[in-house]
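Chemist: this one's sequence-less:
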C-alpha cells in the first residue's frame, strides 16, 4: 500500500500541472493518458491495483474538469462585474459615450465624444474622433463637408459616394470592405444603392481647425439641415447669385426632412450609373482619368489566416492616402471561441470599433492607479488588467506598448475594424505563438530573465504552434472529425 499511496501522490502532482477547458473526461485527455501510463508502469502493482489506479485517475480528472468549468463561469462573471465599473476601463467606450449628430427616419450619424473627456491617458489621440453612419436601403445623405479629414470603412451596404473637388466630380460604387479617404473640405454625398441591406460606415475623423473638434457644413438644404448659405445676408446672396431675394428664400426653405432622406429607385440608379469601383470615374474627363480612390481591405490584404481567425491589413506603404495620414487599417475576424494572440504595437495607437459579434478584451496597463489617484511609488508602477466586454458599436483604444488580446464569445465570430494611428515605423510584437519575442532570446538570457532553466521557458513559450489566432480560454480542440467544441 505504501507504493500505492506514493503513486496516488504522484497522480495529484501530475494533475495539478496542466489546466484544460473541458469538464468531460476524454480518453485522449493528455493528463489522463499520462496518469494511466504511470499506473501501467508502476513497479509492484498487480493488475487490480493498476485498474484501481486508472479509476482514480479518471475520477480525479472528471472532478477537476468540473471545477475548472465552474471557475470559468465565476471568472466570466467577475469580468462582467469589472467591466460594469466604467472607471476601471478608461479605454472602452459604449453607447452612452456617443452623441447623435444626425437622426431622421432614414438614418443616423453618431460620433464618439472626445477621447480625453473620459481619460487624460488618451491625450495622445485627442485630435482623433470616431463615429458611424447608418442609413436605410435607398437612403440619400445630403452633400456636406467637414473641417476634418475623414476615412470611411464600409461595413455593410452598397454606397455610391460622390466627391466634389477642384471642378471634378468623383463617383465611386463601394462595397463591403472598401476604404475611402475624404480630405478636409471636400463636399460629399452618398446614396445606399442596396435595396435590402442597411448601410453602415465606420468613420475615423481627424480635425484640421480645432484639436478634437469639427463641424459639418451643409451647402444644399434649407431649414433642416440648415444651409451655410443662410449665414450670409440676403443682399450678399442676391449679388452673388444674381437672383432676387424671394427666389432665394423659396429655395433655401424647402428642405425640412433632414440630411438623410429616402430616394426612389430611379434616383438611386441615376446617381450610381456613372460610377466605378476602385479608382472611380472623374467627370467630365471620362474613365481614363483616375483619382487615388478607394481600395478594398478584403482584396489582396490578408496578413494572417488560420481556422481560428483572419486578419486583413493595409499599411501606409500600401496606399498613398494612408501614408499621408500616417495610418494603418486592419480588420480582424476572430472565430467564435477563439482569441487573438497577445501582442503590443511599438509606436501605433489602435482605435478599434466592433462591427459584429461579442467577446471581451484584456489589456495590461501601468497607468490606471495614477489616473485614479491611487498611485504608490512613482518609480514602480503597478501593471493592472484592463477588461471590457465587446459587442457591436463598442469602441476601445490600445495605446502603444500596451499588451492586449481580444477573445470572441462561444456564440458568434468577433469582427473588429481597427484604425492604427502613428503607424509609420510601427512593429507588432507577438507575446505568444510562433515567433514570439521570448523564443528569439538566447538561452542564457531566458535563464537570467526567468530564473529557471531555458528548457522550462521553452516548454511554455514554444508550446503554442498557431500564429496570431488561437483557441480561446473557453474552447478545446476536438481531434475527432476536426470539429471545435466550446465549454
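Modeler: Sure, I can see it. All figures in this text were calculated on a predicted structure; none of them were measured in a lab.

Chemist: setting the sequence-adjacent residues aside, check what's closest to residue 338.
Modeler: Nearest non-adjacent residue to residue 338, counting by C-beta to C-beta, 6 or more residues apart in numbering: residue 308, 3.8 Å away. The way it works is simple: take the backbone N, C-alpha and C, and place the C-beta from them, glycine included.

Chemist: quick check, pLDDT for that neighbour.
Modeler: Looking at residue 308, its pLDDT stands at 95.

Chemist: distance check, it against residue 334.
Modeler: 7 Å (C-beta to C-beta, to the nearest Å).

Chemist: list the buried residues of stretch 413-432.
Modeler: 413-423, 426, 428, 430-432 (16 or more other C-beta atoms under 10 Å).

Chemist: restricted to strands, list these.
Modeler: Among these, the members found in strands (DSSP state E) are 414-421, 428, 430.

Chemist: identify the farthest-apart pair in the residues you listed.
Modeler: Greatest spatial distance among these (C-beta to C-beta): 414 and 421, at 22.0 Å.

Chemist: between residue 308 and residue 334, which contacts overlap?
Modeler: Taking C-beta atoms under 8 Å, 6 or more residues apart in numbering as the criterion, residue 308 and residue 334 both touch residue 469.

Chemist: so which of these two has more stuff around it?
Modeler: Using other C-beta atoms under 10 Å, the more surrounded residue of residue 308 and residue 334 is residue 334, with 28 against 25.

Chemist: hmm, the more buried one is touching residue 414, no?
Modeler: Yes. Using C-beta atoms under 8 Å, residue 334 makes contact with residue 414 at a distance of 4.4 Å.

Chemist: mutual contacts of these two, please.
Modeler: What both residue 334 and residue 414 touch, as defined by C-beta under 8 Å, 6+ apart, is the set 357, 359, 406-408.

Chemist: okay, strands next: where are they in the stretch 201-350 of the chain?
Modeler: Along the stretch 201-350 of the chain, the stretches classed as strands by DSSP state E, counting those that start in this stretch are 216-217, 260-262, 281-283, 295-296, 302-306, 309-314, 327-334, 338-340, 343-345, 349-356.

Chemist: for this protein, which spans come out with low pLDDT?
Modeler: Scanning the chain for pLDDT under 70 picks out 1-27, 72-88, 221-223, 277-292, 370-381, 474-487.

Chemist: break it down into its domains, please.
Modeler: The chain breaks down by the TED database into domains covering 92-221+258-277, 297-368+383-428.

Chemist: now render those domains as TSV, adding distance to residue 241.
Modeler: Below are the domains of the chain laid out as TSV (distance: least, C-beta to C-beta, whole Å):
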stretch	distance to residue 241
domain 92-221+258-277	13
domain 297-368+383-428	35
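
Chemist: which residue lies nearest the spatial centre of the chain?
Modeler: The centre of the chain sits closest to residue 416, judged by C-alpha atoms, centre = their mean, with a distance of 2.9 Å.

Chemist: what is the burial count for residue 183?
Modeler: Around residue 183 there are 16 residues (other C-beta under 10 Å).

Chemist: residue 109 versus that one, what's the distance?
Modeler: From residue 183 to residue 109 the distance is 19 Å (C-beta to C-beta).

Chemist: next one: residue 412
Modeler: Distance from residue 412 to residue 109, by C-beta to C-beta: 26 Å.

Chemist: with residue 127 instead?
Modeler: Taking C-beta to C-beta, one finds residue 127 at 20 Å from residue 109.

Chemist: name the residue in those two with the higher neighbour count.
Modeler: residue 109 (23 against 20).

Chemist: and that one, what are its phi and psi?
Modeler: Main-chain torsions, residue 109, degrees, to the nearest 10: phi -130, psi 120.

Chemist: give the contact list for the residue nearest to the centre of the chain.
Modeler: Taking C-beta under 8 Å, 6+ apart, one finds 331-332, 334, 352-355, 390, 406 in contact with residue 416.

Chemist: ok, so of these, who is nearest residue 469?
Modeler: Nearest member of the contacts of residue 416 to residue 469, counting by C-beta to C-beta, is residue 334, at 6.5 Å.

Chemist: in the sheet, who's paired with the closest one?
Modeler: When assigned by DSSP bridges, residue 334 has beta-bridge partners residue 309, residue 414.

Chemist: I'd like the distance between it and residue 363.
Modeler: For residue 334 relative to residue 363 (C-beta to C-beta), the value is 16 Å.

Chemist: same question for residue 210.
Modeler: 30 Å.

Chemist: neighbour count for those two, which is higher?
Modeler: residue 363 (23 against 11).

Chemist: wait, a strand at that one?
Modeler: Yes. Judged by DSSP: H, G, I helix; E, B strand; the rest coil, residue 363 forms part of a strand.

Chemist: for it, what are its contacts?
Modeler: 91, 385-387, 398, 402-405.

Chemist: please repeat the previous calculation with a cut-off of 10 Å.
Modeler: 89, 91-92, 342, 344, 384-388, 396-399, 402-406 (C-beta atoms under 10 Å, 6 or more residues apart in numbering).

Chemist: among those residues, name the ones in strands.
Modeler: 92, 344, 384-388, 396-398, 404-406.

Chemist: among these, which one lies nearest to residue 220?
Modeler: residue 397 (35.3 Å).

Chemist: what number of residues lie near the closest one?
Modeler: Neighbour tally, residue 397, other C-beta under 10 Å: 24.

Chemist: beta partners of it?
Modeler: Bridge pairing for residue 397 - DSSP bridges - gives residue 351.
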